[in-house]
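coordinates only, sequence not included:
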């Protein structure tokens, strides 16, 4: 169950929370118990008043004059985001990027587990990829029900992204992480996040160009 | 040379421009010559007035009652972003994700070329990865100068990201794309974009959780 308040957390805050968790987990690994908003803000590249505002959604984890208890704060943020538990995901499109993600240890260590790998290439069917057998995308629906899969990850070429999305929607998936550089159309009750590398590359190219031309 | 106006383009607009380019290039491939702001907005999941506002930075590409000329608009956006030319990049951290990115065809087809691959693992040195020989990270500086490398891509484990960043900064790189789930500290004149998969996963988990609990 989520704290009622969390439904009102703005999208921009959600994204910053992921950064706070990353930095806080690193602090916890280095045995830091308590952190004040100043150093936390600095480590996250966010200003301190923004940090305090964002963390105000999580009740009273700040102790005036002392700071935040690192592990309690991590727990509270994860609980509110709904990432304090395991998430089971299916990957569609077992190419290079797909294989890399299936093998990406950071996912597993943060409770994000791939339990299915799908492709429509007959040459890939039956292949074992990091402990998962590649299955035909047409069997996705049965697998989603059988394995309680909640998230679909698309790593197909762009021209096949919509077809992958259609399969995932048909299987009852309500959340899609789309790595294919293509927009997809899904019903309103299905959430999509686009991981588009070119958002970042274009922003970077722009920053470098404008700095050079200044 | 960039249009002077482009330095004032807000960051949020820059990110949307990458989406417009993606959608417009898809339209161009489907032989669509002219598009009005309504259908373009719909295909990009942005409202039409926002599209018109964003595209106003690119002068008069809209023809009243007709729409935008697709190829001219693509060219104008890319010119303003500085992505109308080739960008040469070095990758640091030849693990699974690194290998996948080196082989990712979408990069090449959009003018983003990896010309160097670096790792400090002696077992990887000399290995050929998709036509690039893995070199010791200590040789980065010479390679950056010799090969005119402008962008550094970090795909190391999180605990080695800062060391990779230090090497890139020392080599004179002014733009870093960081895929490692760790914050890095760099001088003010070096631009960093974080591609953090967990930003998206957390947002998705939050959306699914709050929908289910509604």
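Done, it's in. In this text the structure is predicted, and so the values were computed from the model without any measurement.

ok, the longest strand along chain A near chain B or not?
Looking across chain A with DSSP state E, the single longest strand is strand A:112-119. Yes: residues of strand A:112-119 contacting chain B under CB under 8 Å from any CB of the partner chain: residue A:112. C-beta here means a position set from N, CA and C on the backbone, and glycine is covered the same way.

who does the helix or strand containing residue A:177 pair up with?
Using DSSP states H and E, residue A:177 falls within strand A:175-178. Using DSSP bridges, the strands paired with strand A:175-178 in its sheet are strand A:151-154 (parallel), strand A:191-194 (parallel).

by contact count, what packs against the longest strand of chain A?
Here strand A:112-119 touches strand A:87-92, helix A:96-102, strand A:132-136, helix A:140-146, going by 3 or more CB pairs under 8 Å, 6 or more residues apart in numbering or on different chains; DSSP states H and E.

Which helix runs longest in chain A?
helix A:11-29 (DSSP state H).

What are the buried residues along that one?
Across helix A:11-29, burial judged by 16 or more other CB atoms under 10 Å in any protein chain shown covers A:13-14, A:16-27.

residue contacts, residue A:135?
A:116, A:117, A:118, A:119, A:125, A:143 (CB atoms under 8 Å, 6 or more residues apart in numbering or on different chains).

One more pass at 7 Å, please.
Neighbouring residues of residue A:135 by CB atoms under 7 Å, 6 or more residues apart in numbering or on different chains: A:116, A:118, A:125, A:143.

Residue A:24 contacts residue A:69, correct?
No: Residue A:24 is beyond contact range of residue A:69, at 10.1 Å (criterion: CB atoms under 7 Å).

circling back to that earlier point, tell me the angle the longest strand of chain A makes with strand A:132-136.
40 degrees (axes from the mean of the first three to the mean of the last three CA atoms, to 10 degrees).

can you tell me the average pLDDT over whatever helix or strand comes next after strand A:112-119?
Using DSSP H and E, the helix or strand that follows strand A:112-119 in sequence is strand A:128-129. Confidence over strand A:128-129 (mean pLDDT, whole number) is 95.

Distance check, residue A:166 against chain B.
Note on residue A:166: its distance to chain B, by CB to the nearest CB, to the nearest Å, is 17 Å.

Can you name every helix or strand that the helix or strand where that residue lies contacts?
Under the criterion of DSSP H and E, residue A:166 resides in helix A:161-170. When contacts are defined as 3 or more CB pairs under 7 Å, 6 or more residues apart in numbering or on different chains; DSSP states H and E, helix A:161-170 packs onto strand A:87-92, helix A:140-146, strand A:151-154, strand A:175-178.

Looks like residue A:198 contacts residue A:182 (just checking).
No: with contacts counted by CB under 7 Å, residue A:198 stays clear of residue A:182, the gap being 11.3 Å.

continuing past the lowest-mean-pLDDT helix or strand in chain A, what's the next helix or strand?
Least confident helix or strand of chain A, by mean pLDDT, DSSP states H and E, is strand A:62-63 with a mean of 64. Counting by DSSP H and E, the next helix or strand C-terminal to strand A:62-63 is strand A:67-69.

Output the below-cut-off pLDDT ranges for chain A.
By pLDDT under 70, the low-scoring segments of chain A are A:1-7, A:59-64, A:212-214.

Grab the most central residue of it for me.
With the centre of chain A defined as its mean C-alpha position, the nearest residue by CA atoms, centre = their mean is residue A:177, 7.6 Å away.

Do I have it right that that one meets residue B:200?
Yes: taking contacts as CB under 7 Å, residue A:177 lies within contact range of residue B:200: 5.7 Å.
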